[in-house]
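Enquirer: need a structure here:
(one chain, ligands or ions: 2)
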Amino acid sequence: MAYLETLEKSLYSLVTETSTNLPKDVRRAIKAAKEAENAGTRAAMSLDTITTNIVMAEDNVSPICQDTGLPTFKVYTPVGVNQIEIKKAIQTAIAAATGDAKLRPNSVDSLTGKNSGTNIGAGLPVIKFEQWENDYITVKLILKGGGCENKNIQYSLPTELEGLGRAGRDLDGIRKCILHSVWQAQGQGCSAGFIGVGIGGDRSSGYDLAKEQLFRHVDDVNPIEDLAKLEKYIVEKSNTFGVGTMGFGGEATLLGCKIGVMDRLPASFFVSVAYNCWAYRRMAIDIDPATGEITNWHYQDGEKITFRDEVKQDNSDNKVVELVAPITEEKIRSLKVGDVVKISGRMYTGRDAIHHHLIGEGVEAPVDLDGQIIYHCGPVMAKDEAGNWVVKAAGPTTSIREEPYQGDIMKKFGIRAVMGKGGMGPKTLKALNEHGGVYLNAIGGAAQYYADCIKSVDGVDLMEFGIPEAMWHLSVEGFTAVVTMDSHGNSLHADVEKSSLDKLALHAERVF
Ligand SMILES: O=C(O)C[C@H](O)C(=O)O
Ligand code: SF4
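Expert: Residues are numbered from 1 along each chain as shown. Ligands and ions are numbered 1, 2, ... in the order given. Predicted coordinates for the structure are as follows:
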């Protein structure tokens, strides 16, 4: 095969492997989280779903999470290698992997909202080149989803932090910022997560440095002694916050912290934090510049946890309620925070574009939503040989983005349940109480697990918003989620946020 063709094939393998097979070091961290959780808790149940999902993604060679992120490549080339050719080969591989449903079409025109359908668009995929003295090419790829990207945070020191007070321009101020960054993410970035931290630089190079840290191995040790200490400290203390998997409470909140440092301007002192969900998809390959062939896969050290022989959690402590739409107000009002629901029958997807559309004056819903369930989800879809839509990956998206509209939309159309992840705020909680509704938290990232619960796609509306944003009519069986906000004014999210803030505040005293 010619060099270019082989190169494209190698890059396609990198993309597919990154999207569908979690690296060994990440698997080990998730295994450790599982071991830390107490049996029978919601967190333990969620981790069960997560590890089942990891197995399914590997077996199906399908996306671990439906949000396959903003593909970001870092390419190192020997002097003389044609970088323009590599860029073109990356674009070809990305478009092909998108066509094969290994990636969700995620490239959206920021002005018109139009999805290119290929993951190729202005500035995307992100590709950064660097030359080096080695005689081979290395290509690193990270697929970091939008939900965890939204939880990134940048601090400009000195600053005042909720719970921790003043953070100054020194190592202890940095410590406070990083602890705060983990707390503010709560479960919304699909905890338990990993963070990359960049100290110094300007606003953009600081974030670049933070993201660069996400390519480090989970179990490596920082060569700078102070930072090695700080990394260890942050993981230890974060795991006392009680945020837990999905923000359900629990022992495992942060699975890894990697900190890098660069010089700064005299007038600026930034601490930039890149938050990555448990679906920590990054991989790298070495390529022979003569043939385009892969010569080495990175992240291969140590044991591979397959999660195939895990003992499933005993679910018997939780009340399990069967839900079939249309749901009555009485039934919804009987649900309480902590109940586990198993949904069968119809649900409709609806995320940002649909909510924005439905809130419009005089706008009618394309279907009768009275008593129905809306699922905040942007699936990966494909067509089978007969031309019918099939769901390839379908986990929940972060619900808080719909906070401005959700309550009004539920009332306007008679919707009884909304499902997503990360919880919603006071406006929705109030509407759930007034109207009779619940918020259901599905397990973020468990895209294969949920795709398997979807038995058929019965229709689609508003396809003009693109595949992730359209309203898909789904028929499901045994679709499991947890009631985390009920019609009685209870919100597990509000409770966890408050109790974890108390835990955070225990670390206001100087440590470093
Ligand atoms: O876009 C999505 O499907 C999910 C997103 O990554 C999120 O975490 O909200
Ligand atoms: S849904 Fe969760 S697991 Fe998936 S990309 Fe978003 S934050 Fe990550």
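Enquirer: CA only for contacts and neighbour counts going forward, please
Expert: OK.
Enquirer: State the distance from the closest residue to ligand 1 within the stretch 201-350 of the chain to ligand 2.
Expert: Nearest residue of the stretch 201-350 of the chain to ligand 1, counting by CA to the nearest ligand atom: Cys277, 8.1 Å away. Going from Cys277 to ligand 2 by CA to the nearest ligand atom, to the nearest Å gives 5 Å.
Enquirer: Pretty sure Gly196 is one of the things that residue touches, is it not?
Expert: No - judged on CA atoms under 8 Å, Cys277 makes no contact with Gly196 at a distance of 11.4 Å.
Enquirer: for the nearest residue to Ala36 once chain neighbours are set aside, what are its contacts?
Expert: Once flanking residues are discounted, Ala36 sits nearest to Glu251: 6.3 Å by CA to CA, 6 or more residues apart in numbering. Each residue near Glu251 by CA atoms under 8 Å, 6 or more residues apart in numbering is listed here: 33, 36-37, 239-244.
Enquirer: Just the buried ones among those residues, please.
Expert: The neighbour count (16 or more other CA atoms under 10 Å) marks 33, 37, 239-244 as buried among the contacts of Glu251.
Enquirer: where along the stretch 101-250 of the chain do the strands fall?
Expert: Using DSSP state E, counting those that start in this stretch, the strands of the stretch 101-250 of the chain run over 126-132, 137-143, 153-156, 159-161, 165-167, 193-199.
Enquirer: what angle separates the first one from strand 137-143?
Expert: Here the directions of strand 126-132 and strand 137-143 differ by 150 degrees (axes from the mean of the first three to the mean of the last three CA atoms, to 10 degrees).
Enquirer: If you count neighbours, what's buried in strand 126-132?
Expert: In strand 126-132, counting by 16+ other CA under 10 Å, buried: Ile127.
Enquirer: Check which helices and strands that strand sits against.
Expert: strand 72-78 (3 or more CA pairs under 8 Å, 6 or more residues apart in numbering; DSSP states H and E).
Enquirer: neighbours around the residue of the chain found nearest ligand 1, how many?
Expert: Of all residues in the chain, Gly147 sits closest to ligand 1, at 2.9 Å by CA to the nearest ligand atom. Counted with other CA atoms under 10 Å, the neighbours of Gly147 add up to 23.
Enquirer: That one is in contact with Thr397, isn't it?
Expert: Yes - between Gly147 and Thr397 there is a contact at 7.2 Å, judged by CA under 8 Å.
Enquirer: re the thing from before, please tabulate the contacts of Glu251 in JSON lines, including the columns pLDDT and distance to ligand 2.
Expert: Output for those, formatted as JSON lines (pLDDT from 0 to 100; distance: CA to the nearest ligand atom, whole Å):
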{"residue": "Ala33", "pLDDT": "96", "distance to ligand 2": "16"}
{"residue": "Ala36", "pLDDT": "93", "distance to ligand 2": "20"}
{"residue": "Glu37", "pLDDT": "93", "distance to ligand 2": "19"}
{"residue": "Asn239", "pLDDT": "98", "distance to ligand 2": "19"}
{"residue": "Thr240", "pLDDT": "98", "distance to ligand 2": "21"}
{"residue": "Phe241", "pLDDT": "98", "distance to ligand 2": "19"}
{"residue": "Gly242", "pLDDT": "98", "distance to ligand 2": "19"}
{"residue": "Val243", "pLDDT": "98", "distance to ligand 2": "15"}
{"residue": "Gly244", "pLDDT": "97", "distance to ligand 2": "14"}
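Enquirer: Mind checking which of the residues you listed are in helices?
Expert: Judged by DSSP state H, the subset of those located in helices is 33, 36.
Enquirer: For the residue lying closest to Lys383 once chain neighbours are set aside, which residues are in contact?
Expert: Spatial nearest neighbour of Lys383, chain neighbours left out: Trp389 (4.5 Å); criterion: CA to CA, 6+ apart. Residues in contact with Trp389 (CA under 8 Å, 6+ apart) are 381-383, 457.
Enquirer: and the stretch 51-200 of the chain, which of its residues are near ligand 2?
Expert: Neighbours of ligand 2 within the stretch 51-200 of the chain, by CA under 6 Å from any ligand atom: 65, 67, 145-148, 189-190.
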